[in-house]
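[1] below is the sequence, then the predicted model.
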Amino acid sequence: MRFDIITLMPELLESPFNHSILKRAKEKGLLHVHLHQLREYAINKHGQVDDMQYGGGAGMVMMCEPLSNLIEKLMSERKYDEVIYLTPDGKNYHQKIANTLSLKENVLLICGHYKGIDQRIRDLYVTLEISIGDYVLSGGELAAAILVDSIGRLIPGVLNDETSALTDSHQDGLLAPPVYTRPAEFKGLSVPDVLLSGNFKLIEEWRQDQALKRTEDRRPDML
Ligand code: 6GU
């Protein structure tokens, strides 16, 4: 799977994909991430990519021409399954969207800044608008990193049995149960007996029960 990311701040996205699972996904050739500096498509030698908004009001708007020129160049090189604009007024992101997107071949991500991008770019090119939550970030880059991370680990072949996504929080509509490792007792707190019992049927039942309790307690909206 290939991600192309349009951004004014590629530096923000240089490290997140070079560790752990995503690093391995890239090394295995299953994940490709290409950053594109929008500034290189500025309308003048001052590097201008934004302008004041029609109708007045505070905040600059990212202009049509730089975005359009870069998007059309990329589109001439390959066919994108989705063109996603990261924006706080987008559709709420969740695991089901990640699962769906993990089966795509080419995805183009557009990171906005300032007041966002000219509506006509959204009308002309964008196929999906995503928000990662009900708060405002200073740009789309951190949201793009979250998308690539959450989708990248789901690409078939990236995770193995040990790191399987099947037992993640949200993957089965429930939060994950508590987990423990050695030692069996720490500062007076013991690991639940059932986990030491070796009875896998009981352990599975306990985990299911804990997942349900946790979800009822913390995220009743998910049930
Ligand atoms: Cl995707 N972008 C920005 N700038 N802010 C956000 C967001 C995205 N999702 C939540 N807040």
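    Arrived safely, thanks for sending.
[2] center of this structure - which residue?
    Leu147 (1.1 Å; Cα atoms, centre = their mean).
[3] identify the residues contacting the longest helix seen in the chain?
    With secondary structure taken from DSSP state H, the chain has its longest helix at helix 200-218. Residues from elsewhere that reach helix 200-218, judged by Cβ atoms under 8 Å, 6 or more residues apart in numbering: Asp172, Leu174, Leu175, Ala176, Pro177, Pro178, Pro192, Val194, Leu195, Ser197, Met222, Leu223. Where you see a C-beta, it was placed from the backbone N, CA and C, and this is true even at glycine.
[4] can you name the element that comes right after the longest strand along the chain?
    Counting by DSSP state E, the longest strand found in the chain is strand 82-92. Following strand 82-92 in sequence order, the next helix or strand is helix 95-101 (DSSP states H and E).
[5] mind listing what's buried along that next one?
    Across helix 95-101, burial judged by 16 or more other Cβ atoms under 10 Å covers Gln95, Ile97, Ala98, Leu101.
[6] so who does the nearest residue to Ser68 once chain neighbours are set aside touch?
    Nearest non-adjacent residue to Ser68, counting by Cβ to Cβ, 6 or more residues apart in numbering: Ile121, 6.5 Å away. By Cβ under 8 Å, 6+ apart, the contact list for Ile121 reads Met62, Cys64, Leu67, Ser68, Ile71, Tyr85, Ile110.
[7] just to check, the residue nearest to the centre of the chain is in contact with Tyr93?
    Yes - contact criterion Cβ atoms under 8 Å: Leu147 and Tyr93 qualify, at 7.2 Å.
[8] overlap in contacts, these two.
    Residues touching both Leu147 and Tyr93 (Cβ under 8 Å, 6+ apart) are Ile130, Ile132.
[9] those helices in the chain, which residues are they?
    When secondary structure is read from DSSP H, the chain shows helices at 20-27, 64-77, 95-101, 119-125, 141-152, 193-196, 200-218.
[10] tabulate those (TSV), appending mean pLDDT and distance to Leu35.
    Output for those, formatted as TSV (pLDDT from 0 to 100; distance: least, Cβ to Cβ, whole Å):
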stretch	mean pLDDT	distance to Leu35
helix 20-27	96	13
helix 64-77	98	12
helix 95-101	97	18
helix 119-125	98	18
helix 141-152	98	10
helix 193-196	98	44
helix 200-218	98	36
